[in-house]
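Engineer: Here you go, sequence then predicted model.
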Amino acid sequence: MIRTIDGWAGANGRTDVFAQTGPSDYRSEYIRTERFIDATEFRERVEAASLVISHAGMGSIITALELGKRIIVMPRRASLGEHRNDHQLATAKRFADQGSITVAYTEEDLIERLDRLQALNETERLTSPASPHLISTIRGFIGSGRAVADRISYNSAENGNAE
């Protein structure tokens, strides 16, 4: 997983990626790593992150969800000698079925999901909760220095937007 993320970061010019690698012997070329960080630093890094990528450990999943972060999980698999059983597959499936997380089962899945989320982040725009009339009035005021409309009323009972 770390090797895949490192290669993806290098190919995409990402210099903002950090990984806790655990006892891995892999030495990254493009991402910053620490073998282990304490729980406080882990939480701080998740709070600062726009995306969390993790194995399907409950602590990582719950922390990301609690802090409202997108998370991609790549479950460790017993068949690859990564874990003693496939409980992480079951955990990932359960959360994915609820729509809470994104799961990558292979390195190709992980790259595809990272590419998709990067594209989403680059094109994502906030939608305006304000009415077009309010936006027009504010633009007119900014442009002329005086209010264009006679009044602006708030009718939240009718549509929840300023009019």
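Structural biologist: Yep, that arrived. Numbering: from 1, shown residues only.

Engineer: Low-confidence stretches in this protein?
Structural biologist: 78, 80-83, 121-163 (pLDDT under 70).

Engineer: in it, which spans are strands?
Structural biologist: Along the chain, the segments classed as strands by DSSP state E run 18-20, 32-34, 51-54, 70-73, 102-103.

Engineer: Partner strands of the fourth one, with direction?
Structural biologist: The reference is to strand 70-73. strand 51-54 (parallel), strand 102-103 (parallel) (DSSP bridges).

Engineer: quick one: buried residues of it?
Structural biologist: Going by neighbour count (16 or more other Cβ atoms under 10 Å), the buried part of strand 70-73 is R70, I71, I72, V73. In this view, the C-beta of every residue, glycine as well, is placed from N, C-alpha and C.

Engineer: which helix in this protein runs the most residues?
Structural biologist: helix 107-123 (DSSP state H).

Engineer: mind checking how far the nearest residue to S28 once chain neighbours are set aside is from T21?
Structural biologist: If the residues on either side of it in the chain are set aside, S28 comes closest to D6, at 4.4 Å by Cβ to Cβ, 6 or more residues apart in numbering. As judged by Cβ to Cβ, to the nearest Å, D6 and T21 stand 10 Å apart.

Engineer: quick one: common contacting residues for the two?
Structural biologist: Common neighbours of D6 and T21 (criterion: Cβ atoms under 8 Å, 6 or more residues apart in numbering): S28.

Engineer: Show me which of these two is the more surrounded one.
Structural biologist: Applying other Cβ atoms under 10 Å to D6 and T21 shows that D6 carries more neighbours, namely 21 against 17.

Engineer: on that earlier part again, any chance of the strands paired with strand 70-73 in CSV, plus distance to S28 and mean neighbour count?
Structural biologist: Below are the strands paired with strand 70-73 laid out as CSV (distance: least, Cβ to Cβ, whole Å; neighbours: other Cβ atoms under 10 Å):
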stretch, distance to S28, mean neighbour count
strand 51-54, 13, 20
strand 102-103, 22, 20
